[in-house]
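Undergrad: return atomic coordinates for the entry below.
(chains A and B)
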2 protein chains.
Amino acid sequence: MENLEIILARRPDGRLSPDHFEARAAAVPEPGPGEVLLRTLYLSIDPANRAWMSPVPTYVAPVKPGDVMAGFALGQVVRSNDPSFRAGDIVEGATGWRRFAVTAARNLRKRRMFDPPTALLSVLGITGKTAWFGMAEIGRPRNGETVLVSAAAGAVGSIAGQIAKGMGAKVIGIAGGAAKCRHVVQDLGFDAAIDYKAESVGEGLKRLGIKSVDVYFDNVGGEMLEAVLFRMANFGRIVCCGNVSQYDTATPAPGPRGVPGLLVVKRLRMEGFIVLDYESRYDEAEADLARMIAEGRLTYREDIGEGLASAPAMLVRVLAGGNTGKAMVRVE
Amino acid sequence: MENLEIILARRPDGRLSPDHFEARAAAVPEPGPGEVLLRTLYLSIDPANRAWMSPVPTYVAPVKPGDVMAGFALGQVVRSNDPSFRAGDIVEGATGWRRFAVTAARNLRKRRMFDPPTALLSVLGITGKTAWFGMAEIGRPRNGETVLVSAAAGAVGSIAGQIAKGMGAKVIGIAGGAAKCRHVVQDLGFDAAIDYKAESVGEGLKRLGIKSVDVYFDNVGGEMLEAVLFRMANFGRIVCCGNVSQYDTATPAPGPRGVPGLLVVKRLRMEGFIVLDYESRYDEAEADLARMIAEGRLTYREDIGEGLASAPAMLVRVLAGGNTGKAMVRVE
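TA: Numbers count the residues shown, from 1 in each chain, chains lettered A, B, ... in the order given. Down below sits the predicted model:
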């Protein structure tokens, strides 16, 4: 057994490239008391990975040059020094970009096998649950309301929109390119899509005859958020889920005009959230998502890279919007 | 009986001055069926008046050049053609900058006399209720949390801070100048004050040993909002009550950096509101505010101009932060 780790070699100060990472061989670590040795099965590749490289602390400690890259993964227990896990268990946790990881048992969560297992990292993983809690707890669309979702062909947006459909909303997706827009409408069942590379969000809403937006599920921030702010309905809600337009740049956009003026005038609520805060309710979300899949009401797509060493290129592709559905890497 | 009206003579494209208004004599209007003729007693002078002059619609129709200036007032019924009011009744409504007004009865609300009657327009008026609903419904500070209030010597901020104190919070006020800061601490009972003309909000919080803010009651928007965003605690709430830094300028500030990035990372809620939406609960707020006054737990100050013709200069003074407490004009 040989270990492999991907380290952040230098901090990106603008656009990320695979050159910012280095792979290195390492020994397989030994678990201490209360710790678990696991083998990574699939590594989750998410825009948030890029945010963690910023020197500014987020909800996780910043990844520094020389550190193994931080990341969420699905793994299998090899050896456990804690009574709550045993060899063979399928677990999830923020175990980083490495083939073998040792981590405290309290930082792991056991998962029941699912077919396909990748769903445990996509629609039934952090990604699907982010969509679920963001829409059900923060956005709370009512029957007949209009919901707009950015990055609608992405891992979270694709699920968020389908959840809103299930809640009786009219759902419009924003995505880049005709192929993604077709996917959003034809495969995911959104009511309509706006190709932001072909028209502005304002033009798209006008073309679709949509006067105002009740819930905006925002994965991207930036100029698109500003444009939508001016088209929100009174008492609208903006779910601040991500800010991917700003993660991979050295020249962040200014804040959106309309804050706080439009928030007052239109009585808007803008609210950020992180799925980790809902951990005590994960079972509820997973059960609901699994039920939607079983009933044929939830479609998901996965974009799976081969080999741990492909993780850097995969992340670069995700940041450029090159993925459709949930990006992950199968660790050999 | 002669009527007097203040009209908006031309639309300000930058800083407002009294020259933008003209007083004109007019006939006393006749109430039609279902209408009421009232005499204005006190005119409320609020930063929001300035926002209504913008060509961009807010929650009220924009005031156009040639229109009588819009405004909220306390009045007394002279003659009523509606069974729900009779001569002598004290009423409130958005009856405009005029001595005599005719308005539909449904747009008026009867008030019980209070001593002093000006309190019906200040602490028991729109102003006090704005503070009450904003703090109790949107900010919701918990016992021991830190609440920061901008424009803390102003009509709304002064009440909002005292309400938060009553809810068990530690309350810091931001005001311009040493005299206002003294008033905020010594008269209103805030725990501390930051004079933004003498130090930045960040410096002030540091000086006071305050690491983060749980609730920010924001009356001003602009750069101060941006500065506070970076100092919010996780799960903090920003009550978007006003944006007075941006009402009286031709060159609005860009939006605050940190939106939406910090909202996600810190799980912040930013929410705008307008007190008019709570009309069905006015009685509850007024009763609570009156109780606080009776028990000596709520101090308020009024800044009363003499004569309807003084309204333009009073509004200009309010926009420049020249008032302490609730600004209004006694209509002769």
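
Undergrad: can we go C-alpha only for contacts and neighbour counts from here?
TA: Will do.

Undergrad: how about residues contacting stretch A:183-203?
TA: A:152-153, A:158, A:161-162, A:165, A:170-178, A:181-182, A:204-205, A:208, A:224, A:227-228, A:231, A:298-300 (C-alpha atoms under 8 Å, 6 or more residues apart in numbering or on different chains).

Undergrad: chain B next: which of the residues you listed are close?
TA: Counting by C-alpha under 8 Å from any C-alpha of the partner chain, nothing from those sits close to chain B.

Undergrad: look up how far A:Pro65 lies from the closest residue to A:Leu4 other than its chain neighbours.
TA: Distance criterion C-alpha to C-alpha, 6 or more residues apart in numbering or on different chains; nearest residue to A:Leu4, sequence neighbours excluded, is A:Ala25 at 4.6 Å. Counting by C-alpha to C-alpha, to the nearest Å, the gap from A:Ala25 to A:Pro65 is 17 Å.

Undergrad: gap between the residue nearest to A:Arg112 when sequence neighbours are not counted and A:Thr118?
TA: Using C-alpha to C-alpha, 6+ apart and skipping residues adjacent in sequence, the residue nearest A:Arg112 is A:Ile90, 6.9 Å away. When distance is defined by C-alpha to C-alpha, A:Ile90 is 12 Å away from A:Thr118.

Undergrad: need the contact list for the residue nearest to A:Leu4.
TA: A:2-5.

Undergrad: over to A:Arg330?
TA: Taking C-alpha under 8 Å, 6+ apart, one finds A:41-43, A:304-308 in contact with A:Arg330.

Undergrad: now do the strands in the stretch 1-150 of chain A.
TA: Counting by DSSP state E, counting those that start in this stretch, residue ranges of the strands within the stretch 1-150 of chain A are A:3-8, A:21-26, A:35-44, A:73-80, A:90-93, A:100-104, A:109-111, A:146-149.

Undergrad: out of the ones you listed, which is closest to A:Pro256?
TA: strand A:146-149 (17.5 Å; C-alpha to C-alpha).

Undergrad: can you name every helix or strand that that closest one contacts?
TA: helix A:155-166, strand A:170-175, strand A:213-218 (3 or more C-alpha pairs under 8 Å, 6 or more residues apart in numbering or on different chains; DSSP states H and E).

Undergrad: what is the burial count for the closest residue to A:Thr130 other than its chain neighbours?
TA: In this structure, A:Thr130 finds its nearest non-sequential neighbour in A:Val275, 5.2 Å apart by C-alpha to C-alpha, 6+ apart. A:Val275 has 18 neighbours, counted by other C-alpha atoms under 10 Å in any protein chain shown.

Undergrad: I'd say A:Val275 and A:Gly125 touch.
TA: No - look at A:Val275 against A:Gly125 with C-alpha atoms under 8 Å: they stay out of range, at 10.4 Å.

Undergrad: residues of the stretch 51-200 of chain A that sit close to chain B?
TA: A:58-59.

Undergrad: averaged pLDDT, stretch A:290-305. What do you get?
TA: The average pLDDT for stretch A:290-305 rounds to 96.

Undergrad: sorry, wrong one. I was asking about stretch A:314-330.
TA: 95.

Undergrad: distance from it to the middle of the chain?
TA: Relative to the centre of its chain, stretch A:314-330 is centred 10 Å away, using C-alpha atoms, centre = their mean, to the nearest Å.

Undergrad: just the buried residues of that stretch, please?
TA: A:314-319, A:321, A:323-330 (16 or more other C-alpha atoms under 10 Å in any protein chain shown).

Undergrad: could you do stretch A:230-242 as well?
TA: A:230-242.

Undergrad: same check, this time on stretch A:297-317
TA: Neighbour-count burial for stretch A:297-317 [16+ other C-alpha under 10 Å]: A:297-298, A:300-305, A:307-317.

Undergrad: inside helices: which ones of those residues?
TA: A:311-317 (DSSP state H).

Undergrad: distance to chain B added to these, as a markdown table?
TA: As requested, these are arranged in a markdown table below (distance: C-alpha to the nearest C-alpha, whole Å):
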| residue | distance to chain B |
| --- | --- |
| A:Ala311 | 24 |
| A:Pro312 | 23 |
| A:Ala313 | 24 |
| A:Met314 | 23 |
| A:Leu315 | 20 |
| A:Val316 | 20 |
| A:Arg317 | 21 |
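
Undergrad: before we move on, the earlier item: tell me which two of the buried residues of stretch A:230-242 sit farthest apart.
TA: So, the buried residues of stretch A:230-242 by C-alpha to C-alpha: farthest apart are A:Asn234 and A:Gly242, at 22.8 Å.

Undergrad: quick one: contacts for the residue nearest to A:Thr130?
TA: A:126, A:129-130, A:133-134.

Undergrad: go on, A:Ile293?
TA: A:Thr299.

Undergrad: element containing it, please.
TA: helix A:282-294 (DSSP states H and E).

Undergrad: any idea of the angle that helix forms with helix A:155-166?
TA: 70 degrees (axes from the mean of the first three to the mean of the last three C-alpha atoms, to 10 degrees).

Undergrad: list the buried residues of helix A:282-294.
TA: For helix A:282-294, by 16+ other C-alpha under 10 Å, it's A:282, A:285-286, A:289-290, A:292.

Undergrad: in JSON lines: those residues, plus distance to chain B.
TA: As requested, those are exported to JSON lines (distance: C-alpha to the nearest C-alpha, whole Å):
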{"residue": "A:Tyr282", "distance to chain B": "18"}
{"residue": "A:Ala285", "distance to chain B": "19"}
{"residue": "A:Glu286", "distance to chain B": "22"}
{"residue": "A:Leu289", "distance to chain B": "23"}
{"residue": "A:Ala290", "distance to chain B": "27"}
{"residue": "A:Met292", "distance to chain B": "27"}
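
Undergrad: most widely separated two among those residues?
TA: Going by C-alpha to C-alpha, the pair spanning the buried residues of helix A:282-294 furthest: A:Tyr282 and A:Met292, at 15.4 Å.

Undergrad: could you save the strands of the stretch 1-150 of chain A as TSV and add columns showing mean pLDDT?
TA: Output for these, formatted as TSV (pLDDT from 0 to 100):
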stretch	mean pLDDT
strand A:3-8	98
strand A:21-26	97
strand A:35-44	98
strand A:73-80	98
strand A:90-93	97
strand A:100-104	98
strand A:109-111	97
strand A:146-149	98
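
Undergrad: need the max-distance pair from the buried residues of stretch A:314-330.
TA: Among the buried residues of stretch A:314-330, A:Gly321 and A:Arg330 lie farthest apart (C-alpha to C-alpha), at 19.9 Å.

Undergrad: returning to that earlier point: go through the contacts of A:Val275 and name the one nearest chain B.
TA: Set against chain B, the nearest of these by C-alpha to the nearest C-alpha is A:Gly134 (11.1 Å).

Undergrad: quick check: closest non-adjacent residue to A:Val68.
TA: With sequence-adjacent residues excluded and distances taken as C-alpha to C-alpha, 6+ apart, A:Val68 is closest to A:Ile7, at 4.1 Å.
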